[in-house]
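**Student:** The sequence isn't on hand, but the structure is:
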């Protein structure tokens, strides 16, 4: 259970609603498909959550390299 969810005792996890009415579900980008997420720093682009979570450092290094137009850093 995430820090944004609470267990009501009914066996269901319910998202807490923020002061602005949001449920903390993300940026609003719709990435349909299991295991997909909105790419950080990329407007509307969807990426594999598993790949990102396994190596976020490489994702951001690649993102910054693309922004600068420089070659990919070696692993």
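**Tutor:** Done, it's in. The shown structure was predicted, so the numbers you read here are calculated from the model rather than taken from an experiment.
**Student:** Stretch 51-71: which residues count as buried?
**Tutor:** 52, 59 (16 or more other C-beta atoms under 10 Å). In this view, the C-beta of every residue, glycine as well, is placed from N, C-alpha and C.
**Student:** pLDDT on it, on average?
**Tutor:** If you average the pLDDT over stretch 51-71, you get 87.
**Student:** List the contacts of residue 68.
**Tutor:** Residue 68 makes contact with no residue, according to C-beta atoms under 8 Å, 6 or more residues apart in numbering.
**Student:** quick one, phi/psi of it?
**Tutor:** Dihedral angles of residue 68 (phi, psi; degrees, to the nearest 10) stand at phi -90, psi -20.
**Student:** now residue 62
**Tutor:** According to degrees, to the nearest 10, residue 62 has phi -70, psi -40.
**Student:** and if you look at residue 36?
**Tutor:** Dihedral angles (degrees, to the nearest 10) for residue 36: phi -110, psi 150.
**Student:** same check, this time on residue 58
**Tutor:** As for residue 58, its main-chain torsions (degrees, to the nearest 10) stand at phi -70, psi -40.
**Student:** how near is it to residue 64?
**Tutor:** Per C-beta to C-beta, to the nearest Å, residue 58 is found 11 Å from residue 64.
**Student:** what do you get for residue 38?
**Tutor:** Look at residue 38 and residue 64: by C-beta to C-beta, they are 18 Å apart.
**Student:** same deal with residue 44?
**Tutor:** 19 Å.
**Student:** now residue 50
**Tutor:** 22 Å.
**Student:** give me the element residue 51 is part of.
**Tutor:** According to DSSP states H and E, residue 51 maps onto helix 49-54.
**Student:** any residues touching that helix, and which ones?
**Tutor:** Counting contacts by C-beta under 8 Å, 6+ apart, the residues outside helix 49-54 that touch it are 35, 36, 37, 39, 40, 59.
**Student:** SS state for residue 37?
**Tutor:** Following DSSP: H, G, I helix; E, B strand; the rest coil, we place residue 37 in the strand state.
**Student:** Cool, thanks, talk later.
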